[in-house]
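Q: here is a sequence together with a model predicted from it:
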Amino acid sequence: MGLADPARPQRRRGPYRGRGRNCDNPPMTARLIACNKPYDVLCQFTDADGARRTLADCLHAPGFRPAGRLDRDSEGLVLLADDGGLQQRIAHPRFKLWKTYWVQVEGIPDDAALHRLARGVELNDGRTQPARAERMEEPAGLWPRDPPIRYRARIPTAWVRLSLREGRNRQVRRMTAAVGHPTLRLIRYAIGGITLDGLAPGAWRYEDPERLKL
């Protein structure tokens, strides 16, 4: 599939209905794109070495910037905005926007482990804020990862749905490791009310910023 140009409004779903021009009220013309970032793709449009894949391999989006980060070894939802105020509303922890992850972990977390994740885990940079954590079935229709996760015949795996309102460096991976269940695969499924539903890896679409539920 060739690269489309999100700067053209042919797939636009609607403007953000904010007021003013600051991070609390982005302008009415602010636009938002949802992209399903594949594994091993940098969450940026350029690579200094020119050897690694970036978001430019998924879409051509002049004027748009990622609102927050997603690690190279993580997959899933990345939002891009063409306005700095809207970027801040999405990315900055002070706005407490829920971000939901599908996490494949080593072993089967019991209720105690899930309770620790939800209550807060002590990490080397402090205790995490309260979260939401629950076991889930493997997502229906989930695409295969390339390369696949490591497989150990004697160690089962499980999926956890984890929702956070903060975004420390590699936080989800550190949290699951702290409760004895290292992360094997990490997919960001939702930011606010915007989800991955209907987006194949590398695909994108315009979104109505109102769906963020800011």
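A: Great, that's in hand.

Q: list of residues touching stretch 165-179?
A: 68-69, 71, 91, 93, 96-99, 101, 103, 105, 109, 113, 116-117, 121-123, 125, 128-129, 131, 160, 162, 164, 182-183, 186 (C-beta atoms under 8 Å, 6 or more residues apart in numbering). C-beta coordinates here come from the backbone N, C-alpha and C atoms, glycine included.

Q: could you tell me which of those count as buried?
A: Using 16 or more other C-beta atoms under 10 Å as the burial test, the contacts of stretch 165-179 include 68, 71, 91, 97, 99, 101, 103, 105, 109, 113, 116-117, 121, 128, 131, 160, 162, 164, 183, 186 as buried.

Q: who's in contact with the residue nearest in space to the middle of the chain?
A: By C-alpha atoms, centre = their mean, the chain has its centre lying nearest to Arg188, at 3.6 Å. Arg188 sits next to Leu70, Ser74, Glu75, Gly76, Leu77, Val78, Lys99, Thr100, Tyr101, Trp102, Leu196 when contact means C-beta under 8 Å, 6+ apart.

Q: what is the worst-scoring helix or strand of the chain on mean pLDDT packed up against?
A: Lowest mean confidence among the helices and strands of the chain (mean pLDDT, DSSP states H and E): helix 84-91, at a mean of 91. Using 3 or more C-beta pairs under 8 Å, 6 or more residues apart in numbering; DSSP states H and E, the elements in contact with helix 84-91 are strand 65-66, strand 75-81.

Q: on that earlier part again, in helices, which of the contacts of stretch 165-179 fall?
A: Ala91, Ala113, Arg116, Leu117 (DSSP state H).

Q: how near is the last one to Val105?
A: Per C-beta to C-beta, to the nearest Å, Leu117 is found 10 Å from Val105.

Q: shared neighbours, these two?
A: Residues touching both Leu117 and Val105 by C-beta under 8 Å, 6+ apart: Val160, Thr176.

Q: what lies in contact with stretch 147-160?
A: Outside of stretch 147-160, the residues within contact range by C-beta under 8 Å, 6+ apart are 102-109, 114, 117, 133-139, 176, 181, 184-185.

Q: filter the residues you listed down to the buried ones.
A: 102-106, 109, 114, 117, 133, 176, 181, 184-185.

Q: the residues you listed in strands, which ones?
A: Here DSSP state E is the test, and those give Trp102, Val103, Gln104, Val105, Glu106, Ala133, Leu184, Arg185 as lying in strands.

Q: switch these over to a markdown table; also include distance to Lys37 and pLDDT.
A: Putting these into a markdown table (distance: C-beta to C-beta, whole Å; pLDDT from 0 to 100) gives the following:
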| residue | distance to Lys37 | pLDDT |
| --- | --- | --- |
| Trp102 | 14 | 98 |
| Val103 | 16 | 98 |
| Gln104 | 17 | 98 |
| Val105 | 21 | 98 |
| Glu106 | 23 | 96 |
| Ala133 | 23 | 98 |
| Leu184 | 18 | 97 |
| Arg185 | 14 | 98 |
